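Engineer: no letters, just coordinates:
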Ligand SMILES: [Zn+2]
Ligand SMILES: [Zn+2]
Ligand SMILES: [Zn+2]
């Protein structure tokens, strides 16, 4: 597999494209893989058929990412970059270990703010529904990678929680001091509710972030 990647690098000198563009460029993956079903072959190894990996209910016991015996150099699932170029996971991961940019167009995909590289996304039945649009279809790369934005979200969630906790404690004191005031009781109820649902808002933000940008 490593050799196939090296061969591509050698053959694919600037200006000479040895690969079939239409088999490696998939700007609308949902339409291509769920509706059109063309026969695509990985243009790096010229061997792997690119099709959505079987869902978990098929009798396929190939190790999946996250399994302890998973080996990405054996994974034939299609992998896509924001520029809409596709190769099998084995080839894409081998290429990206040694290069910064896409194996086909050489575009270097980075998150603007944190400057970490944008990884490939795997095209599986489970993942394709939440795949962000590719760049040629108007998709965008998030300013921070998942890890950095999760850290920023955690920080924001902690600050928000602390602010709402403060408000809740003050409203509760006020309500205890003025049991006859409907206004104080209302404020107490609202503050309690806001404090309790804070985590839900953060969870929603997390899901939306994952589905709308790379
Ligand atoms: Zn391949
Ligand atoms: Zn590309
Ligand atoms: Zn980052």
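Structural biologist: The structure has been received and is ready for your questions. None of the values given here were measured: they were computed from a predicted structure. Residues are numbered from 1 along each chain as shown. Ligands and ions are numbered 1, 2, ... in the order given.
Engineer: pLDDT score for residue 66?
Structural biologist: As predicted, residue 66 sits at a pLDDT of 83.
Engineer: name the SS class of it, please.
Structural biologist: Following DSSP: H, G, I helix; E, B strand; the rest coil, residue 66 is assigned to coil.
Engineer: report how many residues lie close to the residue nearest to residue 141 when sequence neighbours are not counted.
Structural biologist: For residue 141, ignoring the flanking residues on the chain, the nearest one in space by C-beta to C-beta, 6 or more residues apart in numbering is residue 214 at 4.6 Å. Where C-beta positions appear, they are placed from N, C-alpha and C, glycine not excepted. Using other C-beta atoms under 10 Å, residue 214 has 23 neighbouring residues.
Engineer: confidence score at residue 214?
Structural biologist: 92.
Engineer: was I right to think residue 28 contacts residue 137?
Structural biologist: Yes: the criterion here is C-beta atoms under 8 Å, and residue 28 meets it with residue 137 at 6.0 Å.
Engineer: whatever helix or strand residue 169 lives in close to ligand 3?
Structural biologist: Per DSSP states H and E: residue 169 is located in helix 146-177. Yes: Helix 146-177 is in contact with ligand 3 by C-beta under 5 Å from the ion, via residue 148.
Engineer: mind checking the pLDDT average for that helix?
Structural biologist: On average, helix 146-177 scores 92.
Engineer: got it, and stretch 43-51?
Structural biologist: 95.
Engineer: ok, and what's touching that stretch?
Structural biologist: Applying C-beta atoms under 8 Å, 6 or more residues apart in numbering, the external contacts of stretch 43-51 come out as 1, 4-5, 8, 19-20, 23-24, 33, 37, 39-42, 76, 78, 86-88, 90-92, 95, 103-104, 123.
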